[in-house]
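>>> after the sequence you'll find the predicted model.
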Amino acid sequence: MCLDIAFYSALQLIDDYFPDLVHDGEIRFDLDMGMHFLALGHNRYPVVTFEDNRYHRKNFEWGIIAEYMDTPEKVKAMRKSMVNARSEKILEDKRSFWNRIRKKRCLIPVTGIYEHREIKGWKNKVPYHITLKDRSMFCLPGLYHYNTKIPSDTETGEVRGMFTLLTRAGNEVMRQIHNGGANAFRMPLFLPKEMEMAWLRPDLTDEEMQQILDYEMPSDQIVPVPVYSIRGRTPRPDGKPKNAPYSYTDLPALGNDQGLVQQGLF
């Protein structure tokens, strides 16, 4: 799963990326908040849709609540599995919820994502901040949903919009980083900009959508940088931001996970 993303910039960067972008509501989103955004908090995040021939920036919650999650217990148990959608299920599994909402497409602007790597003998996984080569911002494709059966947004009174982020099988370098856990060897569906924009086309056919879903970002376009713990509360010893490079002693190269035993990491 991809649970950690970053938007380490002013929101103006999104406005510059999309021509004539319309803001559907405002959101407090400063650098500290955007440095690390965790999916399981289900907080609101700026995503972009295309409606009425205009790009719209909306403030949706990360993690969809489907109509079949009709009790608080079901929401608590199941929503965490709705923050990501496997791209393979969108068209291939006609019974899936993702297939039913495949025309509700959005883009999730990021300046980078985080992924964690397991190394044999190390107490904790090593987080990496991952960007795309020569791109200060890029967008991850997603799907969104409005659930009219749950309470409306307490701030706006509107039906709560929610989104999920698409993942696919990892390329060579991402398999070496996301190498453990129940959803190992996967990555977000990274796309070149022209495919990102095509994802929002309202006339996109299932055949054209499949071409986008099948795209694998070449490994040489991935820029992975080791960083310090991003989820823990222990401050970085060097005082730098979470997405800043961090130098580990004896960190083995990607592809070599037979590391030396680490003592008291993080």
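Received the coordinates, thanks. Here the structure is a predicted model, which means the values were calculated and not measured.

>>> shaky segments in this structure?
For the chain, the stretches flagged by pLDDT under 70 are 154, 259-266.

>>> now the helices for it?
Secondary structure of the chain, counting by DSSP state H: helices at 12-17, 31-35, 72-78, 87-92, 97-100, 172-177, 193-199, 206-213.

>>> out of the ones you listed, deepest packed?
Of all those, helix 172-177 has the most neighbours on average by mean count of other Cβ atoms under 10 Å, namely a mean of 20. Backbone N, C-alpha and C define where each C-beta goes, glycine included.

>>> tally of neighbours for the residue nearest to Gly34 when sequence neighbours are not counted?
Ranked by Cβ to Cβ, 6 or more residues apart in numbering and with sequence neighbours excluded, the top spatial neighbour of Gly34 is Phe7, at 4.0 Å. The number of residues packed near Phe7 is 23, by other Cβ atoms under 10 Å.

>>> can you check Pro245 too?
Residue crowding around Pro245 was assessed by other Cβ under 10 Å; the count is 12.

>>> that one against Val223, yeah?
No - between Pro245 and Val223 there is no contact, the gap being 10.9 Å when judged by Cβ atoms under 8 Å.

>>> minimum distance to Met187: which of the helices of the chain has it?
Ranking the helices of the chain by distance to Met187, with Cβ to Cβ as the measure, places helix 172-177 first at 3.9 Å.

>>> who's in contact with the closest one?
Where contact means Cβ atoms under 8 Å, 6 or more residues apart in numbering, the residues beyond helix 172-177 that reach it are 115-117, 128, 130, 185-187, 219, 222, 224, 254-255.

>>> just checking the distance from that helix to the centre of its chain.
In terms of Cα atoms, centre = their mean, to the nearest Å, the centre of helix 172-177 is found 17 Å from the chain centre.

>>> where do the strands of the stretch 51-200 of the chain begin and end?
Counting by DSSP state E, counting those that start in this stretch, the stretch 51-200 of the chain has strands at residues 54-62, 84-86, 105-110, 112-117, 126-132, 138-146, 161-169, 186-188.

>>> the first one pairs with which strands, parallel or anti?
Yep, that's strand 54-62 we're talking about. Here the strand partners of strand 54-62, with direction, are listed using DSSP bridges: strand 22-24 (parallel), strand 44-51 (antiparallel), strand 161-169 (parallel).

>>> and what of the fifth one?
Neighbouring strands of strand 126-132 in its sheet, by DSSP bridges, are strand 112-117 (antiparallel), strand 222-226 (antiparallel).

>>> just the CA atoms of it, as PDB, please.
Output for strand 126-132, consisting of C-alpha atoms alone and laid out as PDB, is shown next (Å, rounded to 0.1, in the frame of the first residue of the first chain):
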ATOM      1  CA  VAL A 126      14.300   2.500   6.400                       C
ATOM      2  CA  PRO A 127      12.000   5.100   4.900                       C
ATOM      3  CA  TYR A 128      12.700   6.600   1.500                       C
ATOM      4  CA  HIS A 129      11.400   9.800   0.100                       C
ATOM      5  CA  ILE A 130      10.700   9.100  -3.600                       C
ATOM      6  CA  THR A 131      10.300  11.700  -6.400                       C
ATOM      7  CA  LEU A 132      10.300  11.600 -10.200                       C
END
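
>>> out of the strands of the stretch 51-200 of the chain, the one nearest Arg231 is which?
Each of the strands of the stretch 51-200 of the chain has some distance to Arg231 by Cβ to Cβ; the shortest is strand 126-132, at 8.0 Å.

>>> and the contacts of that closest one?
Taking Cβ under 8 Å, 6+ apart as the rule, strand 126-132 contacts 4, 6, 111-117, 119, 138, 174, 177, 190, 217, 221-231, 242-243, 245, 248, 251.

>>> put the buried members of those into a ChimeraX selection.
Selection of buried members from the contacts of strand 126-132 for ChimeraX, criterion 16 or more other Cβ atoms under 10 Å:
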select :4,6,111,112,113,114,115,116,117,119,138,174,177,190,217,222,224,226,227,228,229,230,242,243,251
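
>>> all set now, cheers.
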